[in-house]
Each structure stands twice: as structure tokens, then as C-alpha cells.
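Peer 1: Return a 3D structure for these sequence lines:
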Amino acid sequence: MSTIADELQKLHRLLEIGAITTEEYEQAKSKLLKQQDPAEQSSTEERLVQLELQNALLKAEQDWQAEREQYLSFSKGGGGPYEPTGATVAWSILYCGFVFILCGWLASSPRLSWGERLLLLFTAAMAFALPLYGWIRYKEFKAACSAYLFRRTKIRERYENRIKSLRG
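Peer 2: Predicted coordinates for the structure are as follows:
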């Protein structure tokens, strides 16, 4: 024998896959809820709100995973994608700083042609620009992480307030 909560879950699944419209879902839900006694109705509504919370959190997680991918970096050693961290930015600053200084020192050699000097200066400029780019990406990633955590907190608070209001 199926319970009203099971029927509501089935209705919600139908809504999620697009088999029924929101209006049809609301009509069927209110019809089901009218069939039960008041004590059972409040627990069913609470369970429904909890399911809506789980779905909202799952949607937020899926959105974050899609957004997170744009911030991932790839290693040259064939490793998989990784999130930018302060440590990776610090190492790139140290490494590229060394390259920057070395290029400046080599470019000052009187034996180099102008073309070779320009190539070294271009390399030095790239050694300056790449860590700067990495730092910007790191800051953007941290801001996106914070925004995601804030969204999750707000979703959770909204649904927890609805549950509290159902409990009276």
C-alpha cells in the first residue's frame, strides 16, 4: 500500500522530468493532501519541504560543479585538472620571478642581437604576466566558492524556516 508521501514523491518526479506541469502538480498535491487527516498532513508537508530542500541543494551543487570547471587549471605533466590554490600561485611567482630576473640579466649582455634581446624581454614579460593571471584566477575562484557557500546557506535557511513554520 502506498502512502501519501510516496504519491507526492511520484508526483514530484513527474514534475521534474516534465511529464506534468507545475499547475497539474499543485492540483494533484492539494487533492492528495485533502485526503488525509490533519496530523498526517503536517508530517507529509514537512517531508515534502525536506524533499524540496534536497532538490534545491542538489541543483545548487550541479550549478556549482558546472561553474567550478571554468576555474580549473591543467598541469603540463599530464595530470588532471586542479583547483587554483595559494600554493600554486606562490610557486609560479617564485619560478617566474627567477625567469624574469634571468632574462633581464641575459638581455643586458652586449653580445646579443636586438632580436635576441627582444625575445628575452618578451619571455621576461610573460614571466611577469603568467603569475599575475594565476593570482587573478585564484581570487576569482575563491570569490565563486564563497558565493556558492552563501547560496547554499540561504537555500538551507529558507527551507528550514518553512519547516519551522509547519511545526508551528
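Peer 1: Enumerate every residue touching Glu160.
Peer 2: Taking CB atoms under 8 Å, 6 or more residues apart in numbering as the criterion, Glu160 is in contact with Leu53. C-betas here are computed from N, CA, C, even on glycine.
Peer 1: From Val99, how far out is it?
Peer 2: Using CB to CB, to the nearest Å, Glu160 is found at 52 Å from Val99.
Peer 1: Need the per-residue pLDDT for the residue nearest in space to the middle of the chain.
Peer 2: Among the residues of the chain, the one closest to the centroid is Trp64, at 2.2 Å (CA atoms, centre = their mean). Per-residue confidence at Trp64 stands at 92 (pLDDT).
Peer 1: Which other helices and strands does the helix or strand hosting Asp6 contact?
Peer 2: Per DSSP states H and E: Asp6 is located in helix 4-17. Where contact means 3 or more CB pairs under 8 Å, 6 or more residues apart in numbering; DSSP states H and E, helix 4-17 is packed against helix 22-34, helix 38-68.
Peer 1: Counting neighbours, which bits of the last one end up buried?
Peer 2: Which is helix 38-68. Gln41, Thr44, Glu45, Glu46, Arg47, Leu48, Val49, Leu53, Ala56, Ala60, Trp64 (16 or more other CB atoms under 10 Å).
Peer 1: Find the residue ranges of this protein scoring beneath the pLDDT cut-off.
Peer 2: 1-2, 36-42, 74-79, 168 (pLDDT under 70).
Peer 1: circling back to that earlier point, when you compare where the helix holding Asp6 runs with where helix 22-34 runs, what's the angle?
Peer 2: 180 degrees (axes from the mean of the first three to the mean of the last three CA atoms, to 10 degrees).
Peer 1: Next, the angle from helix 4-17 to helix 38-68.
Peer 2: 30 degrees.
Peer 1: domains in this structure, as residue ranges please.
Peer 2: 4-69, 74-154 (automatic domain parsing).
Peer 1: Quick one: closest of these to Ser165.
Peer 2: With CB to CB, the closest approach to Ser165 among the domains of the chain belongs to domain 4-69: 9.4 Å.
Peer 1: For Gln27, see how far away Trp114 is.
Peer 2: Distance from Trp114 to Gln27, by CB to CB: 79 Å.
Peer 1: Repeat that for Leu14.
Peer 2: 12 Å.
Peer 1: now the residue nearest to the centre of the chain, nearest residue through space, not along the chain?
Peer 2: With sequence-adjacent residues excluded and distances taken as CB to CB, 6 or more residues apart in numbering, Trp64 is closest to Tyr148, at 4.5 Å.
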